[in-house]
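> Show me the folded form of this:
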Amino acid sequence: MTDAAAQRPDGLDGSPLPGPFPVGVWAKGFQEFLRERPRVQLFGEVVNLRRTKARAYFELRDGDGAAQCSIWNNRLDALKLPEGAFADGVQVVVAGGPDYYPGSRTASPGFSFDVTGLRVAGEGDLLAQLADLRRRLETEGLFLPQKELPLTALPRTIGVITGESGKARDDVLAGLHRRGWGGRLVWAFAPVQDRRAAAAVTAALQDLAAIGEVDVIIVARGGGSLTDLFAFSDETLCRTVALLRVPVIASVGHHTDRMLIDDVAAISASTPTHAAEAAVPRDIRAEQARTLREAVALERHGRRAVVDRARVLARMARVPSDHVARHRRNLHQSLRELRAAAGRRSGERRTATATRALVLHRKALAGAGAEADARRRAVESLGLALTAHEPRRILERGYAMVDDGAGGVVTSAAQAREARDVRVTFADGSVDATIQDGKT
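Numbering: from 1, shown residues only. Next up, the predicted model:
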């Protein structure tokens with residue numbers, strides 16, 4: 001008895017099916033069964049082409065179904081196809097049959113159509129339809145409205161549409177963090193592949209655009225197969241993006257992927273990180289660092305300017321003080337000269353005064369003798385003579401003096417008659433008189 005048979009568990013009670021068999025035995029049997037199926041030719045559109053070291057894997061699709069296919073690299077290289085002839089979206093005819101890899105304890109099983117021959121038949125329907133829709137949208141002018149919308153240099157609120165658990169979410173946050181942006185994020189999580197994705201993303205766009213505070217919307221999805229990204233070429237979705245009042249930044253797939261949403265959006269970014277940086281075009285961290293450097297430089301310049309101005313003011317302040325000191329020295333010199341001159345003048349005056357005093361003293365001594373009595377008597381005699389000739393003395397002897405009232409002396413009768421009104425002065429007073437008919 002083999003080890004597998006010894007360890008075989010009991011089957012299901014009441015089940016008529018044979019077994020249970022080890023899964024590896026069944027897998028190998030299934031592999032042999034599929035390989036015995038007839039070889040056939042298939043045609044369809046190549047989707048999700050990828051190459052490994054040994055084989056090339058792709059899906060063959062049409063409107064009704066799909067088959068997972070693989071071909072050995074040596075077979076593919078032997079076809080000597082032109083570069084780019086075998087790619088996503090082309091229609092091919094393949095020959096081969098079904099195959100199955102049974103897997104192992106550490107590897108997963110897998111089904112594929114083992115391709116033994118291949119011929120390129122032309123452009124596939126899916127890419128042809130995509131190209132036709134692109135032409136129609138461009139003809140209708142729907143590639144321009146979003147690109148004419150103004151982008152806010154520093155948005156306050158950003159709307160983001162992405163898968164809730166996808167890596168694109170973290171990439172958007174990383175891009176905003178790199179910019180140093182600290183505004184408000186409004187998330188709208190939606191499926192980003194399968195048949196429900198286009199409608200869900202369209203509804204999320206309309207909901208975010210209805211929020212008045214949202215300045216820009218990012219639609220982000222990481223890499224994937226061409227069929228995974230077809231939702232972002234949906235006609236309704238693209239028309240909705242083109243007519244929104246809010247700028248939309250699209251970041252769908254890898255660098256080489258180009259969906260229709262990239263054409264109608266305001267900006268097409270290669271990665272979600274770049275989409276976040278496009279939403280915040282100003283590098284706030286760099287601007288803050290530059291502002292800090294400018295502030296430091298301005299402070300240094302201001303400090304240097306203050307020191308320079310202080311030095312200038314100090315020099316200017318010394319000019320008045322030097323001027324005052326110079327005038328003070330001049331005044332002190334003038335004061336010393338005045339004092340010296342005053343001392344000399346006082347000495348001269350004292351000498352002159354002493355001389356005059358000596359002369360007066362000598363004259364006083366000389367006038368105090370007999371000569372002084374004679375002079376006194378002569379002065380008295382002159383005083384008596386002058387008194388005798390004084391006009392008042394004459395009036396006291398009975399004479400009178402006539403004047404015209406204005407101080408003019410009347411010395412004749414003719415003058416009196418001419419003046420008519422005269423004043424007659426006696427020793428004891430004056431009287432007014434009028435000359436009439438030659439008589440008073």
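
> what's the closest non-adjacent residue to residue 98?
residue 34 (4.4 Å; Cβ to Cβ, 6 or more residues apart in numbering). For every residue, glycine as well, the C-beta is placed using N, CA and C.

> per-residue confidence at the one you found?
pLDDT, residue 34: 89.

> That one: helix or strand, and which one exactly?
helix 23-35 (DSSP states H and E).

> Distance from the chain centre to that helix, please.
72 Å (Cα atoms, centre = their mean, to the nearest Å).

> Quick one: residues in contact with that helix.
Identification of contacts with helix 23-35 by Cβ atoms under 8 Å, 6 or more residues apart in numbering yields 4, 97, 98, 99, 100, 101, 102, 103, 109, 111.

> Just list the residues touching the fourth one, thanks.
For residue 99, the set of contacting residues under the criterion of Cβ under 8 Å, 6+ apart consists of 31, 34, 35, 70, 111, 112, 113, 114.

> just the buried members of those residues?
31, 34, 70, 112, 113, 114 (16 or more other Cβ atoms under 10 Å).

> wait, which of these is closest to residue 357?
Of all the buried ones among the contacts of residue 99, residue 357 sits closest to residue 70, with 152.4 Å by Cβ to Cβ.

> so the closest residue in space to the closest one that isn't next to it in sequence bridges to which residues?
In space, and not counting its chain neighbours, residue 70 is closest to residue 112: 4.5 Å by Cβ to Cβ, 6+ apart. Under the criterion DSSP bridges, residue 112 forms beta bridges with residue 99.

> Distance of residue 112 relative to residue 94?
11 Å (Cβ to Cβ, to the nearest Å).

> Find the residues that touch each one of those two.
residue 69.

> From the structure, what's the count of residues near residue 98?
Using other Cβ atoms under 10 Å, residue 98 has 18 neighbouring residues.

> so it sits right up against residue 37, yeah?
Yes - Residue 98 is within contact range of residue 37, at 5.5 Å (criterion: Cβ atoms under 8 Å).

> What's the end-to-end length of stretch 240-247?
12 Å (Cα to Cα, to the nearest Å).

> can you pull the buried residues of that stretch?
240, 241, 242, 244, 246, 247.

> of all the contacts of residue 99, which comes closest to residue 417?
Closest to residue 417, out of all of these and judged by Cβ to Cβ, is residue 70, at 174.2 Å.

> Give the full set of residues in contact with that closest one.
55, 56, 57, 58, 99, 112, 113, 114, 115.

> do residue 184 as well
Contacts of residue 184 (Cβ under 8 Å, 6+ apart): 156, 157, 158, 213.

> Partner strands of the helix or strand where residue 46 lies, with direction?
Secondary structure from DSSP H and E places residue 46 in strand 40-51. Note on strand 40-51: by DSSP bridges, its sheet partners are strand 55-61 (antiparallel), strand 90-101 (antiparallel).
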